[in-house]
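Colleague: got a sequence here, can you build the structure:
(2 chains)
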Amino acid sequence: SQTIHQWPATLVQPVGSPLSLECTVEGTSNPNLYWYRQAAGRGLQLLFYSVGIGQISSEVPQNLSASRPQDRQFILSSKKLLLSDSGFYLCAWSVIGSYEQYFGPGTRLTVT
Amino acid sequence: QQQVKQSPQSLIVQKGGISIINCAYENTAFDYFPWYQQFPGKGPALLIAIRPDVSEKKEGRFTISFNKSAKQFSLHIMDSQPGDSATYFCAAVPTAGGTSYGKLTFGQGTILTVHP
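Modeller: Numbering: from 1, shown residues only, chains lettered A, B, ... in the order given. A predicted model of the protein is given here:
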């Protein structure tokens, strides 16, 4: 069966510090991968999606970047965090050609 | 045109009652409509989904009703239980052409509270 992991689960970082959040998927090959941010426990904002290794599309211009160094690994990064980067970050995957997305457990990021 | 409008923002229902959450869309290219359930501190989980070739889909106590002409769809939770208390999101995506890359457009969410 497929599983999706995210780490860390929680993170508190000062303004101006770098960020690296990791997402890995097990039990499937060549998935579509997605990064979302959820503010204040409400709406889901799509940040990045990837259809293959090294293929990243950005949905919203911002202080963040994403990379996909391996087929089932998706990384969200920032060189310098802003207070507005605080939120709940969710990774999701789907089978290519399917529209069912499966979400990871999320990372709660607090920028202080 | 890409928005999915969800209502109400919050909903309080007594145990055993029916919870109804509504969503409306403008983009006629949307043809796959999933609903997600999210508990506090957890990632959303796919609950049920529908395509516009059917007007209703039922899975257990959860039913999606779809009105293609009105461009609206809704989630009904029958015999609501305190364990159903969560945030519910509707979503939509166009599947024809294969160019959407599975990017879902989400509603803003409904916080459901079921009182015992």
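Colleague: quick one: low-confidence parts of the chain?
Modeller: Since no chain was named, I'll use chain A. Residues of chain A that meet the criterion pLDDT under 70 lie in A:41-42, A:61.
Colleague: wait, chain B was what I had in mind.
Modeller: Low-confidence segments of chain B, defined by pLDDT under 70, span residues B:1-2, B:97-100.
Colleague: need the residues of it near chain A, please.
Modeller: Taking CB under 8 Å from any CB of the partner chain, the part of chain B that reaches chain A is made up of B:32, B:34, B:36, B:40-46, B:49, B:87, B:89, B:93, B:95, B:98, B:101-104, B:106-109. For every residue, glycine as well, the C-beta is placed using N, CA and C.
Colleague: how does it look with 6 Å?
Modeller: When proximity is defined as CB under 6 Å from any CB of the partner chain, chain B approaches chain A at B:32, B:43-44, B:46, B:93, B:95, B:101-102, B:106, B:108-109.
Colleague: which of those fall in strands?
Modeller: B:46, B:106 (DSSP state E).
Colleague: can you select the buried ones from the residues of chain B next to chain A in PyMOL?
Modeller: Buried members of those, defined by 16 or more other CB atoms under 10 Å in any protein chain shown, are picked up in PyMOL with:
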select buried, chain B and resi 32+43+44+93+95+101+102+106+108+109
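Colleague: tell me the one among the residues of chain B next to chain A nearest to B:K57.
Modeller: Nearest to B:K57 among the residues of chain B next to chain A: B:Y32, at 12.0 Å, using CB to CB.
Colleague: the closest one is in contact with B:T95, isn't it?
Modeller: Yes: under the criterion of CB atoms under 6 Å, B:Y32 is in contact with B:T95, at a separation of 5.1 Å.
Colleague: now for those two: what residues contact both?
Modeller: When CB atoms under 6 Å, 6 or more residues apart in numbering or on different chains defines a contact, the residues bordering B:Y32 and B:T95 alike are A:Y99.
Colleague: strands of chain B, start to end?
Modeller: Going by DSSP E, chain B shows strands at B:4-7, B:10-14, B:19-25, B:33-38, B:45-50, B:56-59, B:62-67, B:72-77, B:86-92, B:105-106, B:110-115.
Colleague: just confirm A:L19 contacts A:K80, I think it does.
Modeller: No: contact status for A:L19 versus A:K80: not in contact, 8.8 Å apart, counting by CB under 6 Å.
Colleague: looking at these two, which is more packed in?
Modeller: A side-by-side neighbour count of A:L19 and A:K80, using other CB atoms under 10 Å in any protein chain shown, places A:L19 first with 21 against 11.
Colleague: number of nearby residues for residue 105?
Modeller: No chain in the question, so chain A it is. Tallying neighbours of A:P105 according to other CB under 10 Å, which is how burial is gauged here, yields 14.
Colleague: oops, wrong one, chain B.
Modeller: The number of residues packed around B:T105, counting by other CB under 10 Å, is 18.
Colleague: same question, B:E26
Modeller: As a measure of burial, B:E26 has 12 neighbours, counting by other CB under 10 Å.
Colleague: try B:I12
Modeller: 13.
Colleague: contacting residues around it?
Modeller: For B:I12, the contact set (CB under 6 Å, 6+ apart) comprises B:T113.
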